[in-house]
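Engineer: Got a predicted structure here, sequence first:
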Amino acid sequence: MPDRNRVERTIFSAIDDVNGLLLPAQRLTKSPETALMGDQSALDSLGLVNLIVAVERRVEEAFGVNLVLVDQESMSLKESPFKKIGTLVDYTKNLLDKKLNRVAP
Amino acid sequence: MSLRGVLVSSFNLENLAALMRNDSEQPRVEIQVAPYGQVKPVLLGVDASLWRDKPDFAVVWTQGEAVIDAYRAIQAYEEVPMKRLDDEVREYASLLKKLLDKVRFVFVPTWVRPPDEKIFGMLEMKPSGGTAYALMRMNVLLSECLQDEPRIIFFDSQRWTAVRDAFNPKLWYLGKIPFNNEVFAQASRDFRAALRILNGASKKMIVLDLDDTLWGGTVGEDGWENLRIGGHDPLGEAYADFQSALKSLTRRGVLLGIVSKNEESVALEAIRKHPEMRLKLEDFAGWMINWRDKVQNLADLTARLNLSLDSVVFIDDSPQERLAIRQALPEVEVPEWPEDTMLYKKALLGLSSFNTAALSAEDAHRTQMYVSERARGELKNSARSLEEWLESLDIRITSEELKATNLQRTAQLLNKTNQMNLSTRRMTEAELGEWARHRDRMVVTFRVADKFGDAGLVGLLSLEREPKKSRIVDFVLSCRVIGRGAEKTMLHWASQIAQAWGSEELTAPYKQTPKNKPCFEFWKSTDFIYDSKTGTFCRETKTLYPLPKTVKLIGI
């Protein structure tokens, strides 16, 4: 099972990628409480798209697993997994757990 | 300095805009992004606000299928006559050319397709219906259609997409972005390098260390016979290839220099005698080979060649020497250098500092000009006086009005010259040609030759007639010929024109830049009166400015 801290570090490296596209004043703080959606977030819809793609790429590099963050399931959840960095870490870890369990011998 | 740019595309270019805005390197840019997917209306100027005050540049980056209908049909495996494809590409090229009325430079990346589209692999390069063939044909034809427009720069985007997962379907479906951000980062670097160069900041010389940089081994200890260059030896071959690549660059106007801690006679003997040396002494514009520190040597070498430090790239295998130059001479570009000799050539060819939009005849012969300059210097050392030396050079200066055949080189000179430059105006060929067309203006060019060779078109003088006075707008002279009487000859010419125009005085407003102090010093040495309040040099036109006795002027 992937360690939650390691998943969080992976998400933070994706945050670094996205921060490279934002002006200094808009850059995301690497904290679980940082909002990714809604009025409190510095990300617009394009920023969120960039983040999703960056997380999938970083997860693949770190864990060797192809994750699909945006699908029917994530879009139909009552509470969006992309609400805050913390919820995104939890959602990513959950998907990773499932995927790694499935491929384990 | 901040430049204004407009991004036009068939897809979402916001990520490129963000990367360009966030980059702290010079020049800084302000970016406007045109609505994507509306390339043709945008190019035709539907939204005039985008093009207000003539932006400095536009990037027009499209997918082939978005702007060439015939290509979209070929992608759908429909039968399309090649003439239809060619006609549409020509039409697109003429749209791009029209954009030149609205911006100074247009950057156009080549059309690309994902490398994994291989469903009909063996048919892809067939002229009858092959999509890879069609795209290649479109790119070649577009390049040919645009080749007479030096203000449209065609970029090879294939290089940018040679990264992992360059084409990203997820970004496409979620954001209408076809490429990942590494592609945009590479493109942003290339656009910025081009903007630097188009605004006169190109590098001119590579200064090299010798031991373990230009050859393998230490010449002072191993002897020239035992240096590793060429032969049946992978490392020797890598050094030889590195030298060959450097030699190729000299044919494009890049100068080579040496700064090395060695005995000069020992090092020069190696260059002269080693049979595998690709570079010969005549390939080097100059060298400083001694035991002094390299910082001082590099500064002295560039000063001796009349080059500024920011036009130099320094290559040395030693991290300590690189650090010393970086700290002491921050204007010099010092690329990180690979430890592995087999990567030397790759590192050299990866530099973007020598990028240029056009080549002139002078570029191809630049090293030869510096070799001639060395011969002049040797003669100067043996002459009894400066006058005797100038006399012995047999200097001939030919003046010629600006015309179509010298416009390219003249614009290049105007945009590249920093030190002997009165006002440091930067203009494109078209802008300069347009400026000169006015009946109260005149642009004269100067070629300088002597018994050692022809330096080519190296001087530019432009004047504007005003009531009762003539104003020198540009006074530009290549640093290669400074001190041989060309400066005074140009003033002689200017005073002749002012007299012919019936002006009472000749003025020259000096615009100070961080680099043009040599120009100010020259003007201060003349009999022009300097008004420090207006920053203008002034002289009555009753008498002509004297032509140096050592110069033979061949006029228009």
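Structural biologist: Yep, that arrived.
Engineer: shaky segments in chain A?
Structural biologist: Low-confidence segments of chain A (pLDDT under 70): A:102-105.
Engineer: Return the residues of chain B in contact with chain A.
Structural biologist: With Cβ under 8 Å from any Cβ of the partner chain as the criterion, chain B meets chain A at residues B:12, B:14-15, B:18-19, B:21-22, B:165, B:168, B:170-171, B:174-175, B:177, B:180-181. From N, CA and C alone the C-beta is placed, and that goes for glycine too.
Engineer: Of the residues you listed, which belong to helices?
Structural biologist: B:Glu14, B:Asn15, B:Ala18, B:Leu19, B:Arg21, B:Asn22, B:Lys170, B:Leu171, B:Leu174, B:Gly175, B:Asn181 (DSSP state H).
Engineer: what about the second one, how many neighbours?
Structural biologist: With neighbours defined by other Cβ atoms under 10 Å in any protein chain shown, the count for B:Asn15 comes to 24.
Engineer: Report the contact partners of it.
Structural biologist: A:Leu21, A:Leu46, A:Asn50, B:Ile177, B:Asn181, B:Phe184 (Cβ atoms under 8 Å, 6 or more residues apart in numbering or on different chains).
Engineer: rerun at 7 Å
Structural biologist: A:Leu21, A:Asn50, B:Ile177, B:Asn181, B:Phe184 (Cβ atoms under 7 Å, 6 or more residues apart in numbering or on different chains).
Engineer: Skipping adjacent residues, who's closest to the fourth one in space?
Structural biologist: Excluding the flanking residues, the one nearest B:Asn181 by Cβ to Cβ, 6 or more residues apart in numbering or on different chains is B:Asn15, at 5.6 Å.
Engineer: Name the member of the residues of chain B next to chain A with the most neighbours.
Structural biologist: That'd be B:Ile177 among the residues of chain B next to chain A, by other Cβ under 10 Å, with 26 neighbours.
Engineer: That one reaches B:Asn12, doesn't it?
Structural biologist: Yes. B:Ile177 is within contact range of B:Asn12, at 4.8 Å (criterion: Cβ atoms under 7 Å).
Engineer: Have a look at chain B and report its longest strand.
Structural biologist: Ranked by residue count under DSSP state E, the longest strand found in chain B is strand B:453-466.
Engineer: after the least confident helix or strand in chain B by mean pLDDT, next one along is what?
Structural biologist: The helix or strand of chain B with the poorest confidence is helix B:361-364; it has a mean of 66 (mean pLDDT, DSSP states H and E). Next in sequence after helix B:361-364, counting helices and strands by DSSP states H and E, comes helix B:366-382.
Engineer: which parts of chain A sit against chain B?
Structural biologist: A:Gly20, A:Leu21, A:Leu23, A:Leu46, A:Val49, A:Asn50, A:Val53 (Cβ under 7 Å from any Cβ of the partner chain).
Engineer: Tell me who's in contact with the third one.
Structural biologist: The neighbourhood of A:Leu23, defined by Cβ under 7 Å, 6+ apart, consists of B:Asn22.
Engineer: ok, now the fifth one?
Structural biologist: With Cβ under 7 Å, 6+ apart as the criterion, the residues that contact A:Val49 are B:Leu171, B:Leu174, B:Gly175.
Engineer: before we move on, the earlier item: closest to B:Phe537 among the contacts of B:Asn15?
Structural biologist: B:Phe184 (47.9 Å; Cβ to Cβ).
Engineer: Mind telling me what element the closest one is part of?
Structural biologist: Assessed by DSSP H and E, B:Phe184 sits inside helix B:181-198.
Engineer: Check which helices and strands whichever strand or helix holds B:Leu85 sits against.
Structural biologist: Applying DSSP H and E as the criterion places B:Leu85 in helix B:82-98. The elements that helix B:82-98 packs onto, with contact taken as 3 or more Cβ pairs under 7 Å, 6 or more residues apart in numbering or on different chains; DSSP states H and E, are helix B:69-75, helix B:131-146.
Engineer: okay if I get those helices as CSV plus mean neighbour count?
Structural biologist: Shown next, in CSV, are the helices and strands packed on helix B:82-98 (neighbours: other Cβ atoms under 10 Å in any protein chain shown):
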stretch, mean neighbour count
helix B:69-75, 19
helix B:131-146, 19
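Engineer: could I get those as a markdown table with mean pLDDT?
Structural biologist: Listed next are the helices and strands packed on helix B:82-98 as a markdown table, based on pLDDT from 0 to 100:
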| stretch | mean pLDDT |
| --- | --- |
| helix B:69-75 | 94 |
| helix B:131-146 | 95 |
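Engineer: would you turn those helices into CSV with distance to B:Ala383?
Structural biologist: Output for the helices and strands packed on helix B:82-98, formatted as CSV (distance: least, Cβ to Cβ, whole Å):
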stretch, distance to B:Ala383
helix B:69-75, 67
helix B:131-146, 51
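Engineer: right, so of these, which gets closest to A:Val68?
Structural biologist: Closest to A:Val68 of the helices and strands packed on helix B:82-98 is helix B:69-75 (Cβ to Cβ; 27.3 Å).
Engineer: Give me the residues contacting that closest one.
Structural biologist: Residues contacting helix B:69-75 (Cβ under 7 Å, 6+ apart): B:Gly64, B:Glu65, B:Val80, B:Arg84, B:Leu85, B:Glu88, B:Gly129, B:Thr131, B:Ala134, B:Leu135, B:Met138.
Engineer: Can you say which two of those residues are spatially most distant?
Structural biologist: Pairwise over those, using Cβ to Cβ, the maximum falls at B:Glu88 and B:Gly129, 16.4 Å.
Engineer: More neighbours: the two, which one.
Structural biologist: Between B:Glu88 and B:Gly129, counted using other Cβ under 10 Å, B:Glu88 has the larger neighbour count: 18 against 15.
Engineer: Name all residues that make contact with the nearest residue to B:Ile229 once chain neighbours are set aside.
Structural biologist: Of all residues beyond its chain neighbours, the one nearest B:Ile229 is B:Glu276 (4.2 Å), with distances taken as Cβ to Cβ, 6+ apart. Counting by Cβ under 7 Å, 6+ apart, B:Glu276 touches B:Ile229, B:Gly230, B:Gly231, B:Ala240.
Engineer: in a helix, that's where B:Arg396 is, yeah?
Structural biologist: No. Secondary structure of B:Arg396 (DSSP: H, G, I helix; E, B strand; the rest coil): strand, not part of a helix.
Engineer: Would you mind confirming that it makes contact with B:Arg447?
Structural biologist: No. Counting by Cβ under 7 Å, B:Arg396 does not reach B:Arg447; the two are 8.4 Å apart.
Engineer: buried stuff in stretch B:431-439?
Structural biologist: Buried residues in stretch B:431-439, defined by neighbour count with 16 or more other Cβ atoms under 10 Å in any protein chain shown: B:Leu432, B:Gly433, B:Trp435, B:Ala436.
Engineer: Filter these down to just the ones in helices.
Structural biologist: B:Leu432, B:Gly433, B:Trp435, B:Ala436.
Engineer: For the nearest residue to B:Ala187 once chain neighbours are set aside, give its distance to B:Ala299.
Structural biologist: Distances taken as Cβ to Cβ, 6+ apart place B:Trp160 nearest to B:Ala187, at 5.2 Å, with adjacent residues excluded. To B:Ala299, B:Trp160 is 37 Å away according to Cβ to Cβ, to the nearest Å.
Engineer: next one: B:Arg104
Structural biologist: Counting by Cβ to Cβ - B:Arg104 and B:Ala299 are separated by 35 Å.
Engineer: What of B:Gly175?
Structural biologist: Counting by Cβ to Cβ - B:Gly175 and B:Ala299 are separated by 50 Å.
Engineer: who touches stretch B:321-334?
Structural biologist: B:203, B:209, B:294-295, B:298-299, B:309-310, B:312-314, B:316, B:337, B:353.
Engineer: Show me the one in those that has more neighbours than the rest.
Structural biologist: Neighbour-wise, the contacts of stretch B:321-334 (other Cβ under 10 Å) top out at B:Val312, 27 neighbours.
Engineer: what's across from that one in the sheet?
Structural biologist: B:Met205 (DSSP bridges).
Engineer: State the helix or strand in which the closest residue to A:Ser80 other than its chain neighbours lies.
Structural biologist: Computed as Cβ to Cβ, 6+ apart, the closest residue to A:Ser80 that is not its neighbour in sequence is A:Met37, at 6.3 Å. Of the helices and strands defined by DSSP H and E, none includes A:Met37.
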